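**Student:** pasting the sequence and the predicted model now:
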2 protein chains.
Amino acid sequence: MNVRQRLSPEDMRDRIVAVAEEHFRRIGYAKTAVADIAAAMGMSPANVYRFFPSKSAINNAICAKLMLEVDQLMESIARAPESATDRLRAYFLELHRNNKDKLTHEHRIHDMVEVAMAENWPAIECHCNSMVSFLARIVADGVRTGEFRAVDPEAFAQTAFDAAAKFLHPTLIAHNADRDQLDQVSRITDLLLAALRP
Amino acid sequence: MNVRQRLSPEDMRDRIVAVAEEHFRRIGYAKTAVADIAAAMGMSPANVYRFFPSKSAINNAICAKLMLEVDQLMESIARAPESATDRLRAYFLELHRNNKDKLTHEHRIHDMVEVAMAENWPAIECHCNSMVSFLARIVADGVRTGEFRAVDPEAFAQTAFDAAAKFLHPTLIAHNADRDQLDQVSRITDLLLAALRP
């Protein structure tokens, strides 16, 4: 009920994001109104608007949270002590699994991602750039140890990331929602590693 | 006007397909009714239905025609006398240009392709298989001449085709409608050729 009296502004934002995320996942982005989120928290819509100017702003905050989680996972893979080859495999497998799990198990989330991609392209592009730089770190390590041939790590990582769109891009994953794409992941990863042979 | 008195059933089908294609491109697939196509030909809708059971069937015929044109273009590239490397480059560049031109210059066609992809997946899959087999022929030639390392041509071609989704897939091309993707085409093609180095 009077939840806002107990929480700091920061905590209030987190709480609104959590409640909205639960609604978007259960009911769908399009069918959820800010009034529904407010009602679930025992607040007036006006109060929600004190923290977020629009439903779209709430959605962007949810997507930012999801992207931060992936960032942390991929950074831990890039920093792991394994060989560059093993880390490159883990990178694509985990990124695929992460994107696919979110889209498959949480069907509604796809709408949220599509809305965010349409409305907030800079944030998504920034997220993709961050993904590419983790991959570039792995490639640079492999070049340094002689595991890979001497490529420009940033340029190669960007190209490799683009070449993995079939199993990383939310839209194409959604097209293949009922198909196991693990074979595709491993075939394309093999191809990337073949291109990196010294 | 009494166009159907002058034409054979085969020609009638071609004529309906041509008129429908013009309407779909100008007005859009969703906004065109079979009655509009019939009216433009001075026929009754019932007469159009004698040749095609539904608007979707007309759309599938249009898509089949477009796919046949691409088939012929790609086959001529696969059979050309150039080196396998040059043919592989030409293959991806022309296939990208073809898909992009159709989606960019003829904006409405995207709806038709999306409808066909949703309603007539076997035809699209069959088209993709045919594209992959032209690519496999190029790869096999390169393996035979020693230009490429010894890969399984069919398997490599399938993986390479998937790795090119970013610039071949209609949905992703549509996302990048206002961007020049030629740099992407050349970077991914270089990566594929690097993977084929002997």
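**Tutor:** Sure, I can see it. Every value quoted in this text rests on a predicted model; they were computed, and no experiment measured them.

**Student:** where does the closest residue to residue A:93 other than its chain neighbours fall, phi/psi-wise?
**Tutor:** Computed as C-beta to C-beta, 6 or more residues apart in numbering or on different chains, the closest residue to residue A:93 that is not its neighbour in sequence is residue A:185, at 5.8 Å. (Each C-beta comes from the backbone N, C-alpha and C, glycine too.) In terms of degrees, to the nearest 10, the main-chain angles of residue A:185 are phi -60, psi -50.

**Student:** cool, and residue A:30?
**Tutor:** phi -60, psi -40.

**Student:** residue A:164 now?
**Tutor:** Given degrees, to the nearest 10, the pair of backbone angles that residue A:164 has is phi -100, psi 10.

**Student:** chain A - how does it break down into domains?
**Tutor:** A:3-53, A:56-195 (automatic domain parsing).

**Student:** what's the helix or strand for the spatially most central residue of chain A?
**Tutor:** Chain A has residue A:67 as the residue nearest its centroid, 4.0 Å off, counting by C-alpha atoms, centre = their mean. Element membership of residue A:67 [criterion: DSSP states H and E] is helix A:55-78.

**Student:** list the buried ones in that helix?
**Tutor:** A:55, A:58-63, A:66-67, A:70, A:73-74, A:77-78 (16 or more other C-beta atoms under 10 Å in any protein chain shown).

**Student:** still on that earlier bit, now the residue nearest to the centre of chain A: closest residue in space, sequence neighbours ignored.
**Tutor:** Residue A:67 sits nearest to residue A:127 (C-beta to C-beta, 6+ apart), 4.5 Å away.

**Student:** got it, and residue A:175?
**Tutor:** That would be residue B:171: by C-beta to C-beta, 6+ apart, it lies 7.7 Å from residue A:175.

**Student:** ok, the one you found - contacts?
**Tutor:** Applying C-beta atoms under 8 Å, 6 or more residues apart in numbering or on different chains, one finds that residue B:171 lies in contact with A:171-172, A:175, B:114.

**Student:** between the worst-scoring helix or strand of chain A on mean pLDDT and helix A:55-78, how big is the angle?
**Tutor:** When the helices and strands of chain A are scored by mean pLDDT, DSSP states H and E, helix A:109-119 comes last with a mean of 71. Angle between the axes of helix A:109-119 and helix A:55-78 is 100 degrees (criterion: axes from the mean of the first three to the mean of the last three C-alpha atoms, to 10 degrees).

**Student:** tell me which parts of chain A are close to chain B?
**Tutor:** For chain A, the residues in contact with chain B (C-beta under 8 Å from any C-beta of the partner chain) are A:155-156, A:158-160, A:162-166, A:169, A:171-172, A:175, A:184, A:187-188, A:190-192, A:194-197.

**Student:** ok, of those, which come out buried?
**Tutor:** A:156, A:158-160, A:162-166, A:169, A:171-172, A:175, A:184, A:187-188, A:191-192, A:194-196.

**Student:** circling back to that earlier point, so where does the residue nearest to residue A:175 fall, helix or strand?
**Tutor:** Using DSSP H and E, residue B:171 falls in helix B:170-175.

**Student:** list the buried residues in stretch A:170-189.
**Tutor:** Under the neighbour-count criterion of 16+ other C-beta under 10 Å, stretch A:170-189 has A:170-175, A:181, A:184-185, A:187-189 buried.

**Student:** next one: stretch A:89-96
**Tutor:** For stretch A:89-96, by 16+ other C-beta under 10 Å, it's A:89-93, A:95-96.

**Student:** restricting to C-alpha, output it in CSV.
**Tutor:** Extracted in CSV, the C-alpha atoms of stretch A:89-96 (Å, rounded to 0.1, in the frame of the first residue of the first chain):
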residue,chain,number,x,y,z
ARG,A,89,33.0,-20.3,-27.9
ALA,A,90,31.6,-19.5,-24.5
TYR,A,91,30.9,-15.9,-25.5
PHE,A,92,28.7,-16.9,-28.5
LEU,A,93,27.0,-19.8,-26.7
GLU,A,94,26.1,-17.8,-23.6
LEU,A,95,25.0,-14.7,-25.5
HIS,A,96,22.8,-16.9,-27.7
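
**Student:** sorry, back to before: okay if I get the buried residues of stretch A:89-96 as JSON lines plus distance to residue A:10?
**Tutor:** Formatted as JSON lines, these follow (distance: C-beta to C-beta, whole Å):
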{"residue": "A:89", "distance to residue A:10": "38"}
{"residue": "A:90", "distance to residue A:10": "34"}
{"residue": "A:91", "distance to residue A:10": "32"}
{"residue": "A:92", "distance to residue A:10": "35"}
{"residue": "A:93", "distance to residue A:10": "35"}
{"residue": "A:95", "distance to residue A:10": "29"}
{"residue": "A:96", "distance to residue A:10": "33"}
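
**Student:** quick one: the residue nearest to residue A:93 from chain B, how far?
**Tutor:** 10 Å (C-beta to the nearest C-beta, to the nearest Å).

**Student:** how far away is that residue from residue A:166?
**Tutor:** According to C-beta to C-beta, to the nearest Å, residue A:185 and residue A:166 sit 9 Å apart.

**Student:** ok, residue A:111 next?
**Tutor:** 22 Å.

**Student:** and if you look at residue A:54?
**Tutor:** Between residue A:54 and residue A:166 the computed distance is 33 Å (C-beta to C-beta).

**Student:** swap in residue A:123?
**Tutor:** Counting by C-beta to C-beta - residue A:123 and residue A:166 are separated by 23 Å.

**Student:** also residue A:12?
**Tutor:** 41 Å.

**Student:** now the angle from the one helix or strand residue A:193 maps to to helix B:182-196?
**Tutor:** In this structure, residue A:193 sits in helix A:182-195 according to DSSP H and E. Put simply, helix A:182-195 runs at 80 degrees to helix B:182-196, going by the same axes, to 10 degrees.

**Student:** starting at the chain centroid, how far to helix A:182-195?
**Tutor:** 21 Å (C-alpha atoms, centre = their mean, to the nearest Å).

**Student:** and that helix, what does it pack onto?
**Tutor:** Helix A:182-195 sits against helix A:84-105, helix A:153-163, helix A:165-168, helix B:153-163, helix B:182-196, with contacts defined as 3 or more C-beta pairs under 8 Å, 6 or more residues apart in numbering or on different chains; DSSP states H and E.

**Student:** good, wrapping up.
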